[in-house]
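kindly generate the corresponding structure for this input.
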Amino acid sequence: MKSFKNLEIVQNSIGITRIILNDPDSYNSLSMDMINSIQSILKILNKDRESKVIIIEGSGKGFSAGHNLKEINAMKNKTEYQMLFKKCSKLMLTIKNHKNPIIAKIHGAAFAAGCQLVASCDLAYSTNDSLFATPGVNIGLFCSTPMVALSRNVNKKNSMKMLLTGEPIKASFAKNIGLINDYYSSSKLEKEVINIATTISSKSNLVIKIGKKAFYKQFEMSMEKAYEYTSKVMAENMMTQDAKEGVYSFIKKKSPIWKNK
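Numbers count the residues shown, from 1 in each chain. The predicted model follows:
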């Protein structure tokens, strides 16, 4: 596995890969280098047949403070700004389109593009003292790109309040509005995240891939089109070896043996 100066990559025998943002001095900011590194490892894992679930977490005091403001301050023109935000947006789409479910494991703060990263992941779990915010408005920079992922997870009124005020919200409220799945004490978060990742890794990797792609694609359709599309997906899914194995195993009351075919 390729090594990265700003990421720590940890893999286990059941297909769980941990991507640990490892730039604690900048609060794991999503600098250009950090974005490129995450994009690179996700591309590698998308081709890795053994990879089943990905966990993204942060080292040091928190998850991620968002873009590196020192880097932004050093930029000289609109082209450089556009390159940064386009690269970040591409990363978020890579997460959405990745074959593996991606879980955000959060402690401390997830602000601005860090909050966008949380909202872009398929699942998200945090410590009970974590904070989430889109505070760009406080420095004259509305969080327009984080808004895309945020508003697709959180309803309009709550999204707008976060964006307009820049005020942080607690984990309990983040769960209530759908930004995260759940929150736990610092001592329990690790166990809970590993439990959900292990459960997902026990399923057919092929079926999970089919389902994740269909989940996001049908969201963009009318209900009629969504049913038409997902009916075709399920029919194609039934033609896989794993679907036939799963149905047969259920009838025979035995554990399925997935072939990922």
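
C-alpha only now, for contacts and for neighbours.
Noted.

for Ala235, the count of nearby residues, please.
Ala235 sits with 10 neighbouring residues when counted by other C-alpha atoms under 10 Å.

give the buried residues for the helix or strand hosting it.
For Ala235, the host element (DSSP states H and E) is helix 223-238. Neighbour-count burial for helix 223-238 flags 226, 230, 237 (criterion: 16 or more other C-alpha atoms under 10 Å).

can I get these in a markdown table including distance to Thr17 and pLDDT?
Output for the buried residues of helix 223-238, formatted as a markdown table (distance: C-alpha to C-alpha, whole Å; pLDDT from 0 to 100):
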| residue | distance to Thr17 | pLDDT |
| --- | --- | --- |
| Ala226 | 32 | 97 |
| Thr230 | 29 | 97 |
| Asn237 | 26 | 96 |
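
now do the helix holding Ala235: distance to the chain's middle.
Centre-to-centre, helix 223-238 and its host chain are 25 Å apart (C-alpha atoms, centre = their mean, to the nearest Å).

any stretches of the stretch 101-250 of the chain with poor pLDDT?
Regions of the stretch 101-250 of the chain meeting the criterion pLDDT under 70 are absent.

can you pull out the strands in it?
102-106, 109-111, 123-127, 131-133, 169-170, 182-184 (DSSP state E, counting those that start in this stretch).

closest to Thr94 out of the ones you listed?
Thr94 lies closest, by C-alpha to C-alpha, to one member of those: strand 102-106, at 10.6 Å.

list the residues that contact Leu30.
By C-alpha atoms under 8 Å, 6 or more residues apart in numbering, the contact list for Leu30 reads 64-68, 113-114.

can I get the residues you listed in a markdown table including distance to Gly166?
Shown next, in a markdown table, are the contacts of Leu30 (distance: C-alpha to C-alpha, whole Å):
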| residue | distance to Gly166 |
| --- | --- |
| Ser64 | 16 |
| Ala65 | 13 |
| Gly66 | 13 |
| His67 | 15 |
| Asn68 | 17 |
| Ala113 | 13 |
| Gly114 | 14 |
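
noted, bye for now.
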